[in-house]
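Participant: here are the coordinates; sequence isn't available:
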């Protein structure tokens, strides 16, 4: 359409840029795009799988272990999280832990148990996770030398949360994140909160997403450093 | 080439260049945006690696660390995700497939970022920012694959893993719709913005072509005007040169007039000086004449008075002495008056010469006879050896005798008693030279020419020698009337020598010579021998 005043064509012409060119044929481009899409899809799939791959869980005791150096509170529940001091995935668990405790303030006796593997220097455990946990109010910081307490409580993955009632009976065992390093709504935190606030819970166990607290048994059998003697 | 919309009328000469310009501009924009996204992809890749290294560089199994999966994933996965868009942007910029691939990749980066942050709502802004960046292509179609990827990502993850995209365990399908609606909301405005921008590009292209045409027309006009101005300038330069030449000619004329005025002024000044000099000469002449006339006249009158007073008492010898002195003074007065008469004739141009063939020896002989008694009284010897052959030439005998008489008189006058006066006549083919020499004091060198002036006497002879100072001047005029020359010099042995050079003409040859050479008859020869000349 032409403007009669200025004699200009008002509608611009269609753009001429092609889908391919002399060097990049459509067929070649299609192959490239397909390969690229497959690679990207595979990468995203691996990432999803990695994010949703839980850590191993041991055999948590039904009651508070007798040999534990920690004592359960006889007046209220005891909530504890076993933490690898340097596991980056546990930051999300600690974030959820802090959010959970904020919602259930004063309803439980809380321990943050930092597993200190054998052979590490003094102060090794006071890394980023230590500082995050220390910032949470009303949390008892416990250093678990050589992971003895973790073994007693059957915790093998960082971020493992266990809830005992005032009688020392295990009420919940598992993680409080929905996926690895993913803070946010999750079944574990909802279960703990429900039990603390209302005394009931839908679940008793969830997956734990975090770093292994110990070397794998196969590695320890091969004489790897850092295994419990 | 086709136009969007109903382009009415035929394409003008502006439309096709505008199309080319428009497409070039769009292509440049697409290519520059491709390059920008190549950098953005690389930046996101690098940022992912940096974030992985900063947040989770290592994972742990007990006391044993290892590189975290996120680090490897950011390195490899990010490279795969950004690799193809970067490759296409750098190797094949401007293609639609390139920008569509970039759009998909950019949306996948957004999805990855949202997933890694656990569905943080803030990271969803990466989608909106990326869409805004894609709008820089000014191609609304690029939003299609972008929106499709976003919608699918949200739909799939919203259904199967809402925590990854929304950060919650469960999400309503409407939440995906809501997110998609917000994306579409933005895309609608971006599409409108793209279309407006493209329309502006098209308008700019048309305007640029029109401006270019106007510029070309202006340049043609400027060249034409410049050419005219150049011609006018050359004409002006020519006119200035002409005017310069005219001014130079005028200046030359002015200079000539000034020179002429100066010369005329000088001539007038010289004429004035000459007139004043003539006036002075006249005054001097009158004074001289008065003196020269009064002196002998006074002698005549005085001695006549003496004679009358003493006629009865004086002795006869005394009276005779008076008469002799009266005679002497009278003779002097007569000579003076004769000279004055001759001078007056010469000055007035009325001197009459009668040239006749004559023998110069005859002239000399007659004058010597006149002086014989005078020279004898003073015991002055004349050294003159008369030539055997005649010295024939055309002469006014009386005037030439006057010259010889004057020179001989001067020689005698300035010779001491008992002295010698020499006369010599030389003749060759060119002429005759008559030389008269005395043995007197001579003439100062600076006065040798001046003595021929009127009323001028040599400083050495001025006292007591007598004379009017006109004789030599009259001699020069007579000699020059004979085509000759008179001059004087001092003799090395003393005394002055006056030379008279007279040229010989055909008429001066002997009759035998002329008859022989020209074949004249006797009658013709006689007629030719006599000629009368008035010299002015």
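Facilitator: Everything's here; your move. All values reported here derive from a predicted model rather than from experimental measurement. Numbering: from 1, shown residues only, chains lettered A, B, ... in the order given.

Participant: check contacts around residue 81.
Facilitator: No chain specified, so I'll use chain A. By C-beta atoms under 8 Å, 6 or more residues apart in numbering or on different chains, the contact list for residue A:81 reads A:93, A:94, A:97, A:111, A:112, A:113, A:133, A:159, A:160, A:161. The C-beta positions use only the backbone N, C-alpha and C, and glycine is treated the same way.

Participant: wait, chain B
Facilitator: A:40, A:43, B:41, B:45, B:105, B:108, B:109, B:112.

Participant: Could I get the contacting residues of the first one?
Facilitator: Shown here is residue A:40, whose contacts under the criterion C-beta under 8 Å, 6+ apart are B:77, B:80, B:81, B:108.

Participant: List buried members of these by neighbour count.
Facilitator: Neighbour-count burial (16 or more other C-beta atoms under 10 Å in any protein chain shown) applied to the contacts of residue A:40 gives B:77, B:80, B:81, B:108.

Participant: re the thing from before, filter the contacts of residue B:81 down to just the ones in helices.
Facilitator: Among these, the ones falling in helices (DSSP state H) are A:40, A:43, B:41, B:45, B:105, B:108, B:109, B:112.

Participant: Where does residue 129 fall, secondary structure wise?
Facilitator: Since you didn't name a chain, this refers to chain A. Element membership for residue A:129 (DSSP states H and E) is helix A:128-134.

Participant: Chain B was what I was after
Facilitator: helix B:125-134.

Participant: any idea of the mean pLDDT for that helix?
Facilitator: Across helix B:125-134, pLDDT averages out at 95.

Participant: that older thread, what comes up buried for the helix or strand that the helix holding residue A:129 is followed by?
Facilitator: For helix A:128-134, the following helix or strand on the C-terminal side (DSSP H and E) is strand A:139-145. Buried positions in strand A:139-145, judged by neighbour count with 16+ other C-beta under 10 Å: A:139, A:142, A:144.

Participant: for stretch B:496-503, same thing?
Facilitator: Across stretch B:496-503, burial judged by 16+ other C-beta under 10 Å covers B:496, B:497, B:498, B:499, B:500, B:501, B:502.

Participant: which among those gets closest to chain A?
Facilitator: residue B:501 (113.4 Å; C-beta to the nearest C-beta).

Participant: wait, isn't the closest one in contact with residue B:433?
Facilitator: Yes - because the distance of 5.1 Å satisfies C-beta atoms under 8 Å, residue B:501 is recorded as touching residue B:433.

Participant: and residue B:527, what pLDDT?
Facilitator: 43.

Participant: and what of the one 4 residues further on?
Facilitator: For residue B:531, the pLDDT comes out at 47.

Participant: Residue B:56 reaches residue B:68, doesn't it?
Facilitator: Yes - because the distance of 4.4 Å satisfies C-beta under 8 Å, residue B:56 is recorded as touching residue B:68.

Participant: who's more crowded, these two?
Facilitator: Higher neighbour count among residue B:56 and residue B:68: residue B:68, with 22 against 19, using other C-beta atoms under 10 Å in any protein chain shown.

Participant: residues in contact with the more buried one?
Facilitator: Contacts of residue B:68 were listed using C-beta under 8 Å, 6+ apart, and they are A:88, B:52, B:56, B:57, B:58, B:59.

Participant: Of those, which is the nearest to residue B:347?
Facilitator: The closest of the contacts of residue B:68 to residue B:347 turns out to be residue B:52 (C-beta to C-beta; 141.8 Å).

Participant: how far off helix B:125-134 does the helix or strand encompassing the closest one point, in degrees?
Facilitator: Element membership of residue B:52, judged by DSSP H and E, is helix B:15-55. Orientation of helix B:15-55 against helix B:125-134 (axes from the mean of the first three to the mean of the last three C-alpha atoms, to 10 degrees) gives an angle of 150 degrees.

Participant: Quick one: mean pLDDT over helix B:15-55.
Facilitator: Helix B:15-55 comes out at a mean pLDDT of 92.

Participant: what separates the helix or strand just after that helix from the chain centre, distance-wise?
Facilitator: Proceeding N to C from helix B:15-55, the next assigned helix or strand is strand B:58-61, under DSSP H and E. With C-alpha atoms, centre = their mean, to the nearest Å as the basis, strand B:58-61 stands 99 Å off its chain's centre.

Participant: just stretch B:409-421 next, same as before
Facilitator: On C-alpha atoms, centre = their mean, the centre of stretch B:409-421 falls 71 Å from the chain's centre.

Participant: mind listing what's buried in that stretch?
Facilitator: The neighbour-count check on stretch B:409-421 (16+ other C-beta under 10 Å) flags B:409, B:410, B:411, B:412, B:414, B:415, B:419, B:421 as buried.

Participant: Between all of the residues you listed, which two are separated the most?
Facilitator: Across these (C-beta to C-beta), the longest gap, 14.2 Å, separates B:409 and B:419.

Participant: hang on, the earlier thing: would you mind giving the ones in helices among the contacts of residue B:81 as a markdown table with distance to residue B:390 added?
Facilitator: Below are those laid out as a markdown table (distance: C-beta to C-beta, whole Å):
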| residue | distance to residue B:390 |
| --- | --- |
| A:40 | 155 |
| A:43 | 158 |
| B:41 | 144 |
| B:45 | 147 |
| B:105 | 149 |
| B:108 | 154 |
| B:109 | 152 |
| B:112 | 157 |
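
Participant: Just the buried ones among those residues, please.
Facilitator: Looks like the ones in helices among the contacts of residue B:81 have A:40, A:43, B:41, B:45, B:105, B:108, B:109, B:112 buried, using 16+ other C-beta under 10 Å.

Participant: what's the pLDDT at the nearest residue to residue A:59 once chain neighbours are set aside?
Facilitator: Spatial nearest neighbour of residue A:59, excluding adjacent residues (C-beta to C-beta, 6 or more residues apart in numbering or on different chains): residue A:154 at 4.6 Å. For residue A:154, the pLDDT comes out at 93.

Participant: Next, residue A:154: secondary structure please.
Facilitator: coil (DSSP: H, G, I helix; E, B strand; the rest coil).

Participant: Next, please give the residue ranges for the strands of the chain.
Facilitator: Just going to use chain A. With DSSP state E, the ranges of strands along chain A come out as A:2-3, A:8-9, A:78-83, A:109-116, A:139-145, A:160-164, A:170-174.

Participant: Let me rephrase: I mean chain B.
Facilitator: B:58-61, B:64-67, B:351-359, B:381-384, B:392-395, B:420-427, B:431-437, B:485-490, B:496-503, B:531-535.

Participant: closest one to chain A among those strands?
Facilitator: Among the strands of chain B, strand B:58-61 sits nearest to chain A (C-beta to the nearest C-beta), with 4.4 Å.

Participant: What is that closest one packed up against?
Facilitator: strand B:64-67 (3 or more C-beta pairs under 8 Å, 6 or more residues apart in numbering or on different chains; DSSP states H and E).

Participant: For stretch B:288-308, which outside residues touch it?
Facilitator: B:314, B:319, B:322-323, B:325-326, B:328-330, B:332-333, B:336, B:340, B:455, B:468-469.

Participant: can you check stretch A:126-135 too?
Facilitator: A:81, A:83-88, A:90-91, A:94-95, A:97-98, A:112, A:114, A:139, A:141.

Participant: Can you say which of the residues you listed are buried?
Facilitator: Burial by neighbour count, 16+ other C-beta under 10 Å: within those this picks out A:81, A:83-88, A:90-91, A:94-95, A:97-98, A:112, A:114, A:139.

Participant: would you list every one of the helices in chain A?
Facilitator: Under DSSP H, chain A gives helices at A:26-51, A:90-103, A:128-134, A:148-152, A:187-198, A:217-221.

Participant: got these as a markdown table, with distance to residue B:190 columns?
Facilitator: Shown next, in a markdown table, are these (distance: least, C-beta to C-beta, whole Å):
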| stretch | distance to residue B:190 |
| --- | --- |
| helix A:26-51 | 24 |
| helix A:90-103 | 35 |
| helix A:128-134 | 41 |
| helix A:148-152 | 54 |
| helix A:187-198 | 40 |
| helix A:217-221 | 55 |
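
Participant: Next, count neighbours for residue B:304.
Facilitator: Residue B:304 has 15 nearby residues by other C-beta under 10 Å.

Participant: again but with residue B:48, I slipped
Facilitator: 24.
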